[in-house]
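**Student:** quick one, structure for this:
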Amino acid sequence: MASPHSSPVVIGGPPLYAALVPFASVPFILVLVSDFVYWRTANLFWQHASEWLLLAASVMGGIALAIGLLEVLFRRSIRPLLPGWGATIFFVAAYAVGIVNNFVHARDGWTGVVFLGLGLSAATAVLLVLSAMTRRAPIYRRELGALHA
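**Tutor:** Below you'll find the predicted structure:
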């Protein structure tokens, strides 16, 4: 017997895109940390860590963008739950800068990280923070009401 306080089951659930974005954002931000440590220590471990983190972030970012595009096209019920265009544009820009950063980091040693790679890592991190802030902004507006099924 169902409880009078139980909620109905929602088929499809929340957007998968929102769950995948952090799996791309965190490695991109960690690249900035490992680039900074490499710049200060010149230990090659940190350059290789940056390369692997960039690979993980690029793969997960591509998957997140593909899933987000599919959700926009085929899941009409969750369109109000997806982030606005501002957050999407910032994330796509961060992903594009991250891909360029992949090519810069592919160069040999010091020239691949300092200073262009470090700058691109910082730009990617800033764009990801702007994307997160833009994604969260509608939650704090008074006129935004609850979405009802």
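**Student:** double-check residue 131 against residue 90; I have them as touching.
**Tutor:** Yes: under the criterion of Cβ atoms under 8 Å, residue 131 makes contact with residue 90 at 3.5 Å. In short, each C-beta sits where N, CA and C put it, glycine included.
**Student:** so which residue is dead centre in this structure?
**Tutor:** The centre of the chain sits closest to residue 25, judged by Cα atoms, centre = their mean, with a distance of 3.5 Å.
**Student:** check that one and give its pLDDT.
**Tutor:** Each residue has a pLDDT score; the one for residue 25 is 94.
**Student:** got it, and residue 109?
**Tutor:** 80.
**Student:** for residue 3, same thing?
**Tutor:** At residue 3, pLDDT is 56.
**Student:** try residue 13
**Tutor:** On the pLDDT scale, residue 13 gets 65.
**Student:** ok, residue 72 next?
**Tutor:** With respect to pLDDT, residue 72 scores 81.
**Student:** what of residue 75?
**Tutor:** 79.
**Student:** so which elements touch the helix-or-strand element of the chain with minimal mean pLDDT?
**Tutor:** One helix or strand of the chain scores below all others by mean pLDDT, DSSP states H and E: helix 110-113, with a mean of 84. Applying 3 or more Cβ pairs under 8 Å, 6 or more residues apart in numbering; DSSP states H and E, one finds that helix 110-113 contacts helix 16-41, helix 44-74, helix 85-105.
**Student:** quick one: contacts of it?
**Tutor:** 35, 38-39, 42, 47, 50, 104-106 (Cβ atoms under 8 Å, 6 or more residues apart in numbering).
**Student:** now which of these would you call buried?
**Tutor:** Neighbour counting with 16 or more other Cβ atoms under 10 Å marks 35, 38-39, 47, 50, 104-105 as buried within the contacts of helix 110-113.
**Student:** same list, those residues, but as a markdown table with pLDDT and distance to residue 67 please.
**Tutor:** Putting the buried ones among the contacts of helix 110-113 into a markdown table (pLDDT from 0 to 100; distance: Cβ to Cβ, whole Å) gives the following:
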| residue | pLDDT | distance to residue 67 |
| --- | --- | --- |
| 35 | 95 | 28 |
| 38 | 94 | 32 |
| 39 | 94 | 34 |
| 47 | 92 | 31 |
| 50 | 94 | 26 |
| 104 | 94 | 27 |
| 105 | 92 | 26 |
